[in-house]
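In: only geometry, no sequence info:
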């Protein structure tokens, strides 16, 4: 078990950055040169709203201000599919579509609600989506208009297919074959437990463990004698030319549509281990651990055309890395490569900006951003960023109090409770060039920390979960909130007034709901709890009292964002769509509001600056979300023109930074507050 109280590598790396030893840079789209390019502008700035009355000279959209985007290069290589008229990239961040050969991509939002995508495949003008439909089960959809509309593939209803494989004229969903000529999926025989790996619509090739089979009539399988006892993991076929690859990256070739086979030389040391292959217009293409390998003479020779070291990890399961359509061949690795001449030359597509910056912080001249792949990025100019090697830790919360700044570092992304407890603190003092580790109040294998806050020299640390010890699972409730008046040198529990939820069966001490947010409002501190309650402290966090009157009808949604809107306390919950909570100090209660000028989307974050309130809205079922601003303490709102669902907001040096849900980090210059 890790001892998280010890300093880890991020301390020295961040210290070097702050000392000026590292210059933040970012690679421009489609460019290996680390020199930053001019940030791109919104594709349709004319849709920015008209100007509204200014609170203090802030330049809002409609007065010439526009959003700029920064690429944080979130890890993860999407898979690729193509039709004759579109290119698709898909993975953990959803589906993107390009209709200009990969020059620009937009998010594909048309897949049916409740559908969890497993694979995409395109052939000719047809696109297929394989996955799981909530409350129904396995399902496959088909589109003839590049994903604008979808219909259910009736022949595959209830079929739990594991993969889609496409060629120029056919698509395989496990043992079901679709051809452009038939326009329908037809089941191939499952004799001998053959798992079909490739088809060109005329001949299909498959391989159970230790044997290979071929069918030309779609009715009966014949065993391939030349591949007896050969563990084939990949097939590709186009007319008379066929290729087989084993799990050891040995290569076999057939020149008679798979009837007979012979091994061919393939130098794994020079060319790499094979992960995916394709035959397209007589060109044989391999995706290997070193890049893309091509043979244009039926494997008499093969050459490494594009070198991409460590393109992927697992050889056996890395499919859908190659696709062809619309006269181009596509290779999806860490970047998207394209060839319009069957592999004679390749170009790198502009980088797909798909990071989700879920946490943002401002520390002096620096901006810090954490992305969902648990990477930390730093910038001195909020325009170009350096990835900070942080040993798998990312900043999940930040607090500043005068000359001291605190970072809460975790190894698990937001919204999750890890099996092992989590949470470490770092402190940076003004003028210092070194982040110092702060000793937590307990060993972090006993308790996790999810929230930090500073208030008039007091540091508060909210406990998120307790580990019960041994092999017992973690629980949401923790020991409460810890308080320090000496920058974390010493700690004490500050749970007076909090309502316990039970006893920790390991320590026999009270447990309390997790704090999901802490915020100051004048001399008071408000805290949102995981069970939907809100508490406040009037004595700097020493004691607490309930402050959640008026919230009973909200379904225990945790209040996870507060902001001081010019003397009015506003709050929100990311579980509630188009809902703001307004605190009435005199009545001691909240009022829920649903402003008509906000879309039907959850409010993820509220921040205030110069008399304005800014709200980040994530994507809702019927709305794209975005950033909205209000000049009247949240009564009416105007779209700030971002056009993407937002999950985080930060004001930094008269600029507004918005972290989007899979669309990168955007910045809007607000201008000085006069």
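Out: All right, it came through fine. Keep in mind that this is a model prediction, so the values were computed, not measured.
In: need the contact list for the spatially most distant residue from the centre of the chain.
Out: In the chain, the residue that sits farthest from the middle, by C-alpha atoms, centre = their mean, is residue 225; the gap is 46.5 Å. For residue 225, the contact set (C-beta atoms under 8 Å, 6 or more residues apart in numbering) is empty. For every residue, glycine as well, the C-beta is placed using N, CA and C.
In: And it, how close does it get to residue 211?
Out: 10 Å (C-beta to C-beta, to the nearest Å).
In: Show the pLDDT at the residue farthest from the centre of the chain.
Out: Listed pLDDT for residue 225 reads 95.
In: And for residue 254?
Out: So residue 254 comes in at 97 (pLDDT).
In: what phi and what psi does the backbone show at residue 271?
Out: Backbone dihedrals for residue 271, given as degrees, to the nearest 10, come out at phi -100, psi -20.
In: wait, residue 225
Out: The phi/psi pair for residue 225 (degrees, to the nearest 10) reads phi -60, psi -40.
In: Relative to residue 322, how far out is it?
Out: Residue 225 is 29 Å from residue 322, by C-beta to C-beta.
In: ok, now residue 529?
Out: According to C-beta to C-beta, residue 529 stands 50 Å off from residue 322.
In: for residue 95, same thing?
Out: According to C-beta to C-beta, residue 95 and residue 322 sit 18 Å apart.
In: With residue 331 instead?
Out: Distance, residue 331 to residue 322, using C-beta to C-beta: 6 Å.
In: Quickly list what's touching both of the two.
Out: Common neighbours of residue 331 and residue 322 (C-beta under 8 Å, 6+ apart) are 80, 285, 287, 292.
In: Quick check: next helix or strand after the lowest-mean-pLDDT helix or strand in the chain?
Out: Least confident element among the helices and strands of the chain, by mean pLDDT, DSSP states H and E: strand 474-475 (a mean of 44). On the C-terminal side of strand 474-475, the nearest following helix or strand under DSSP states H and E is strand 481-484.
In: Quick one: list the elements packing against the next helix-or-strand element following that next one.
Out: For strand 481-484, the following helix or strand on the C-terminal side (DSSP H and E) is strand 492-493. Secondary-structure packing of strand 492-493 (3 or more C-beta pairs under 8 Å, 6 or more residues apart in numbering; DSSP states H and E): strand 481-484.
In: Note down every partner strand of the strand it packs on and its orientation.
Out: The partner list of strand 481-484 in its sheet, established with DSSP bridges, is strand 458-467 (antiparallel), strand 492-493 (antiparallel).
In: so who does residue 571 touch?
Out: Counting by C-beta under 8 Å, 6+ apart, residue 571 has contacts 526, 528, 534, 559, 561, 562, 563, 580, 581, 583, 590, 606.
In: measure the first one to residue 285 for me?
Out: With distances defined as C-beta to C-beta, the gap from residue 526 to residue 285 amounts to 59 Å.
In: Please identify which of the two sits among more neighbours.
Out: residue 285 (25 against 21; other C-beta atoms under 10 Å).
In: who's in contact with that one?
Out: For residue 285, the contact set (C-beta under 8 Å, 6+ apart) comprises 277, 278, 279, 292, 293, 294, 322, 329, 331, 343.
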